[in-house]
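Visitor: pasting the structure only:
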């Protein structure tokens, strides 16, 4: 009976020893705790790399959008079209009739002017006011151009000077602003002359326009250097 009790004690001690060895294995550096930490570190790396790359790429997209500055440059260039549009052809504006100097006078030939007054304007001239003369402020007075200028698109066929005066024209010099009955587009003079509105004799021609609102026509005249067809040429 005593021997059986001794074996039981040894068995118990042996079991207890193996149990103690199993408990000490929880301090093994290759245990699951270390592996889990590695996984956490790997996850952190992934988060940093992916997020940073995405932000950097988005920044690159913004930089490309910045090329809109190039478009702005194109608009600026297009603006030069306005300058190119100037062909050098005068548009005969502004008209002197719509302007006033500081002395309350319309700019006119020989009239006084200052730097504060209109420096350039245009007055109508030629038959039926189809042309323009410039008035330029020069040394304190308006200087008028010596000839009448006409728009390049003017249809001057009605002003073509004939080789001989039409038989329907009066035998005495026609006078500007007086009633006429000659057919339209019939240049007339007498002995190469006409009378201006004041009655002064001038070298040039007159035409009788179509009747106006009043039903009457009045001579419209101009000197040779203010006629659309100088010396009968150009029409």
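Guide: Alright, I've got the coordinates. Since the structure is predicted, the reported quantities are computational estimates derived from the model, not experimental observations. Residues are numbered from 1 along each chain as shown.

Visitor: from here on, just use CA atoms for contacts and neighbour counts.
Guide: Noted.

Visitor: tell me the domain ranges of the chain?
Guide: 96-144, 157-232 (automatic domain parsing).

Visitor: show me where this protein has helices.
Guide: In the chain, the segments counted as helices under DSSP state H are 2-24, 32-65, 68-79, 81-84.

Visitor: output the domains of the chain in CSV, with mean neighbour count appended to each entry.
Guide: Shown next, in CSV, are these (neighbours: other Cα atoms under 10 Å):
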stretch, mean neighbour count
domain 96-144, 18
domain 157-232, 18
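
Visitor: as JSON lines, these with distance to residue 151 and mean pLDDT would be great.
Guide: Output for the domains of the chain, formatted as JSON lines (distance: least, Cα to Cα, whole Å; pLDDT from 0 to 100):
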{"stretch": "domain 96-144", "distance to residue 151": "7", "mean pLDDT": "96"}
{"stretch": "domain 157-232", "distance to residue 151": "10", "mean pLDDT": "92"}
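
Visitor: return the distance of the spatially closest residue to residue 158 that is not a sequence neighbour relative to residue 123.
Guide: Nearest residue to residue 158, sequence neighbours excluded (Cα to Cα, 6 or more residues apart in numbering): residue 185, at 4.3 Å. Going from residue 185 to residue 123 by Cα to Cα, to the nearest Å gives 23 Å.

Visitor: repeat that for residue 160.
Guide: 23 Å.

Visitor: again with residue 172
Guide: With Cα to Cα as the criterion, residue 172 and residue 123 are 29 Å apart.

Visitor: touching, residue 207 and residue 187? I think so.
Guide: Yes. Using Cα atoms under 8 Å, residue 207 is in contact with residue 187, at 4.8 Å.

Visitor: check contacts around the closest residue to residue 92 other than its chain neighbours.
Guide: Leaving aside its sequence neighbours, residue 92 sits nearest to residue 122 (Cα to Cα, 6+ apart; 6.0 Å). Residues in contact with residue 122, defined by Cα atoms under 8 Å, 6 or more residues apart in numbering, are 92-96, 132-135.

Visitor: inside strands: which ones of those residues?
Guide: 132-135 (DSSP state E).

Visitor: now those residues in CSV, with distance to residue 225?
Guide: Converted to CSV, those look like this (distance: Cα to Cα, whole Å):
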residue, distance to residue 225
132, 12
133, 11
134, 14
135, 17
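
Visitor: tell me how far the residue nearest to residue 227 when sequence neighbours are not counted lies from residue 215.
Guide: Residue nearest to residue 227 in three dimensions, not counting chain neighbours: residue 126, with 5.5 Å by Cα to Cα, 6+ apart. As judged by Cα to Cα, residue 126 and residue 215 stand 23 Å apart.
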